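> Quick check, what structure comes out for this input:
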Amino acid sequence: MRNKAASHAGPPREVRIIGGLWKRSKLPVADRPGLRPTPDRVRETLFNWLGQALDGWRCLDAFAGTGALGFEAASRGAAEVVLLERDPALIAQLAASKARLGAAAVRIERGDALQWMARAAPAAFELVLLDPPFDAPLALPAMAAAAPLVVPGGFVYVEAPRPVEASAAEAAGLEPWRASRAGAVHFHLFRRVAAA
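This next block holds a predicted model:
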């Protein structure tokens, strides 16, 4: 007899929070076009790079989707996490996850990520998380929009289908900090250059 789960091709039905207060809690993954949650091992690597605790950090998850990156940050002590999403079905799912976890530090906003970041106050976050839809060429414009929102010494995380060139980061005032690859996913952590 065939295993139905094994025969399902496509994104996973749920992802787990890896560390912190809500470790092992599950987040549902809706069947939506372009939705591809950050794999567990990629999130684990990212938060190893950042340090396990984000106590007091202000974080923006600009293309929230499932909220896996943002809820992970909140689970690890972030004081404020803004989840940006424009799909109403995904917003409803994020709200349900927030309520189930009792995630008081999480705020959900509906809107276009690039437009929202263009209007946001500068130096408002220690960490901006960017995992735009894989089939849209948004990584570089999103990185450029996110850079001013990060405090000097803060971080911008980018997932993309190809490597992000150091020159593109430097043009945005960011320096390469860490980078790796998992399958088709190239992921990068950039640090905001401190003013001289």
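> For G173, give me its contacts.
147-148, 192-193 (C-beta atoms under 8 Å, 6 or more residues apart in numbering). All C-beta spots, glycine's among them, are computed from the backbone N, C-alpha and C.
> can you give me the strands in this structure?
Assigned by DSSP state E, the chain shows strands spanning 14-16, 26-28, 58-61, 80-85, 106-110, 125-130, 150-160, 174-182, 185-192.
> Kindly reformat these as JSON lines containing mean neighbour count and mean pLDDT.
Formatted as JSON lines, those follow (neighbours: other C-beta atoms under 10 Å; pLDDT from 0 to 100):
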{"stretch": "strand 14-16", "mean neighbour count": "17", "mean pLDDT": "87"}
{"stretch": "strand 26-28", "mean neighbour count": "17", "mean pLDDT": "83"}
{"stretch": "strand 58-61", "mean neighbour count": "27", "mean pLDDT": "98"}
{"stretch": "strand 80-85", "mean neighbour count": "25", "mean pLDDT": "98"}
{"stretch": "strand 106-110", "mean neighbour count": "18", "mean pLDDT": "98"}
{"stretch": "strand 125-130", "mean neighbour count": "26", "mean pLDDT": "98"}
{"stretch": "strand 150-160", "mean neighbour count": "21", "mean pLDDT": "96"}
{"stretch": "strand 174-182", "mean neighbour count": "15", "mean pLDDT": "95"}
{"stretch": "strand 185-192", "mean neighbour count": "22", "mean pLDDT": "95"}
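> Same list as before, these that is, but in TSV and with distance to F47 included.
Conversion of the strands of the chain to TSV gives the following (distance: least, C-beta to C-beta, whole Å):
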stretch	distance to F47
strand 14-16	13
strand 26-28	15
strand 58-61	12
strand 80-85	14
strand 106-110	17
strand 125-130	10
strand 150-160	10
strand 174-182	12
strand 185-192	10
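> Which one (most neighbours) among the contacts of G173?
Within the contacts of G173, R192 tops the neighbour count with 25 neighbours, counted by other C-beta atoms under 10 Å.
> re the thing from before, among the contacts of G173, which has the minimum pLDDT value?
The lowest pLDDT within these belongs to V193, which sits at 88.
> If I follow the layout properly, L46 ends up in contact with V158?
No. The criterion here is C-beta atoms under 8 Å, and L46 misses it with V158 at 10.7 Å.
> what do those two both touch?
F187.
> can you list contacts of stretch 161-171?
134, 139-140, 143-144, 158, 175-176, 179, 181, 184-186, 188, 190.
> list the buried ones in that stretch?
By neighbour count on 16 or more other C-beta atoms under 10 Å, the buried set for stretch 161-171 is 164, 168-169.
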